[in-house]
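*Asks:* got a predicted structure here, sequence first:
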Amino acid sequence: DPRVWRKANPNLGGSVSEDEIRGRVREMIERPAMRPEILRLNFDIWSEGEFIAWIPPEKWEVNGGLIVPAELKRHACYAGLVASSATDVAAVAYLFPGDRRRILLDAFVPEDSIAKLEQRDNITYRPWIDQGWLTVTPGGVRDDGAIKASILRRAAEHNLEDLAVNPRGAAELMRALDDE
């Protein structure tokens with residue numbers, strides 16, 4: 001609210017221009033990750049520990065709702081694979097562009113790593129596993145075969161245009177996918 005900017009900026013109109021503050025407010029709206037810094041430096045509002053919404057709520061709501069994978073058959077999609085640690089959760093996200101962007105996610109966790117990850121992350125993975133959001137693979141290390149099979153299955157179901165991979169820790173999986 002521009003009416004209260006002067007309270008946090010007594011020199012508004014002097015060394016601090018209204019246009020500068022207006023620009024910072026616009027930046028905060030467009031880039032939610034900047035919110036804590038802008039609030040602290042420009043409005044003396046400290047927000048330690050504040051949850052940061054990387055996706056503005058209005059965009060999230062437009063794209064929200066239940067996704068029916070069968071409705072996305074043969075649609076173009078772009079995928080991203082994160083599998084940087086052999087003992088952590090690995091995931092492949094499939095983005096279906098359009099007016100209403102949709103994302104499908106396949107996530108995998110080694111069975112023997114679950115307890116350690118739950119303790120480290122201070123969360124319980126069991127509900128995600130029970131609801132089918134997280135696939136448990138046998139053993140204590142990432143199952144690249146399961147991830148590769150999932151990617152190939154999705155590629156057969158949809159029009160996979162591109163797959164971006166974080167190469168850190170996934171070089172072997174990248175080679176296996178290149179062979180296909």
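*Replies:* Happy to help now that I have it.

*Asks:* tell me the first helix or strand C-terminal of the longest strand anywhere in the chain.
*Replies:* Longest strand of the chain, by residue count under DSSP state E: strand 102-110. Sequence-wise, the next helix or strand downstream of strand 102-110 (DSSP states H and E) is helix 114-121.

*Asks:* what angle do that following helix and strand 102-110 make?
*Replies:* Between helix 114-121 and strand 102-110, the angle comes out at 120 degrees (axes from the mean of the first three to the mean of the last three C-alpha atoms, to 10 degrees).

*Asks:* buried stuff in helix 114-121?
*Replies:* Buried residues in helix 114-121, defined by neighbour count with 16 or more other C-beta atoms under 10 Å: 114, 117. All C-beta spots, glycine's among them, are computed from the backbone N, C-alpha and C.

*Asks:* what does it contact?
*Replies:* 87-89, 109, 124-125, 136 (C-beta atoms under 8 Å, 6 or more residues apart in numbering).

*Asks:* and stretch 159-171, by the same measure?
*Replies:* By C-beta under 8 Å, 6+ apart, the residues outside stretch 159-171 that reach it are 74-86, 94, 151, 154, 173-174, 177.

*Asks:* what's the distance between it and the middle of its chain?
*Replies:* 15 Å (C-alpha atoms, centre = their mean, to the nearest Å).
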